[in-house]
Structures are given as C-alpha cells and as structure tokens.
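Q: give me the fold of what follows.
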Amino acid sequence: MKHLTLIIIALLFSVSALAQQTIEADFTQTRVMKVSGKTTEKIGHLTFDGNDRLEMLYTDPEGEYFIIDGMTVKINLDGKKAELDAEKVKMVQLQRATLLNCISGNWEQAAQDNEADLTVTEEDDIRTVLIKAKGKVPRGGYAFVELTYQLSNNQMTKMVLEDALGIKNTYIIN
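A: Below you'll find the model as predicted:
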C-alpha cells in the first residue's frame, strides 16, 4: 500500500507549479524497482482543481485511480483499493502535503517536510527543481525529487520521484 500511495503522490507533482489553477493533462508513468530492476508503465489523465482536489484516472490499466479530495486519499492501484484519511495516517499526510506543495510551487515547504535540500536552476527555457534528502528519509517521504518545467508556459514536463526504498517513478506530462 505504501508503494502505491507514493506512486500516486508522484503523479500529483506532474501538474504545473507556481499557479493555483485548474489543470488537465495526460501523463505517462514509468516505475522502476531498484532491487529487482522491474519496470512498469501506466498511462492516464489528471485533473487538478487549483485547491486540494486531484484526480488521476488511469486509462492503461483502465479503472485504476488516485484521488485526493481534501484530506481523503482514494486509491485503486495494482489490485489494491483503499480510502485513507490523511489527518489520521501520518505517512499519507506527508505524501499529500508534498504533492500539493510541489503543484502550487511551494517547493521550500516540500523540501522542509522531507528534511531535504532544495536547488532551483533556470537555463534557456527550462526550470529544474531538485529536492534531495539530507539523511534518513522520513516515513512516507522522498529521498529525491526532480521537477522540470518549461518556463514559457510554466508547465511541468517531467517529474522524477524516488522513495526511501529506491522505487523511482518518472512522470512525463503530455
């Protein structure tokens, strides 16, 4: 369940930063398991309402979803289904907050929550945001996050999330 939640949260990062606006975009998610080297790919569509509602509806595999609705996180991934209260489950609270902070451009808070260093660089038409853990990763946190944005439209084009177990999720935003 932890890995599924991390994957979903990662997708939340895939919407544009620095703007609280309604966002709709298609995405491709690639997950690589460090220990086994196993790779899986999923495709879907996300909708963000500019506040605290995010829907990630998968088209391949069809029927899977990750939804943040206020403090409730609903998951149907890899044959596992759950509805979690982020106020009661600290790990889910951290993941939810990290995603929403990254979406809104509050990278400093995301770095602080994950006990991580933050680096933001801009070159040509690309902004790169790196969040890298300083030491032990908090339960539910991320060891490494990389966000890439196209400056001309402030649209996120790529997000890489790696958890404490070495599970790496790469999201390409179409």
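Q: what is the burial count for residue 102?
A: 28 (other Cβ atoms under 10 Å). Where C-beta positions appear, they are placed from N, C-alpha and C, glycine not excepted.
Q: next: residue 135.
A: Applying other Cβ under 10 Å, I find that residue 135 has 7 neighbouring residues.
Q: cool, and the one 10 residues further on?
A: When neighbours are defined as other Cβ under 10 Å, residue 145 has 25 of them.
Q: for it, what are its contacts?
A: Contact analysis of residue 145 by Cβ atoms under 8 Å, 6 or more residues apart in numbering lists 13, 98, 102, 110, 114, 116, 129-132, 159-162.
Q: and these, which is the shakiest by pLDDT?
A: Ranked by pLDDT, the contacts of residue 145 bottom out at residue 13 (43).
Q: can you show me the strands along the protein?
A: 23-33, 39-48, 53-60, 62-69, 72-77, 80-85, 116-123, 126-133, 142-150, 155-163, 167-173 (DSSP state E).
Q: distance to residue 106 added to those, as a markdown table?
A: Converted to a markdown table, the strands of the chain look like this (distance: least, Cβ to Cβ, whole Å):
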| stretch | distance to residue 106 |
| --- | --- |
| strand 23-33 | 16 |
| strand 39-48 | 14 |
| strand 53-60 | 15 |
| strand 62-69 | 16 |
| strand 72-77 | 19 |
| strand 80-85 | 22 |
| strand 116-123 | 11 |
| strand 126-133 | 11 |
| strand 142-150 | 12 |
| strand 155-163 | 14 |
| strand 167-173 | 19 |
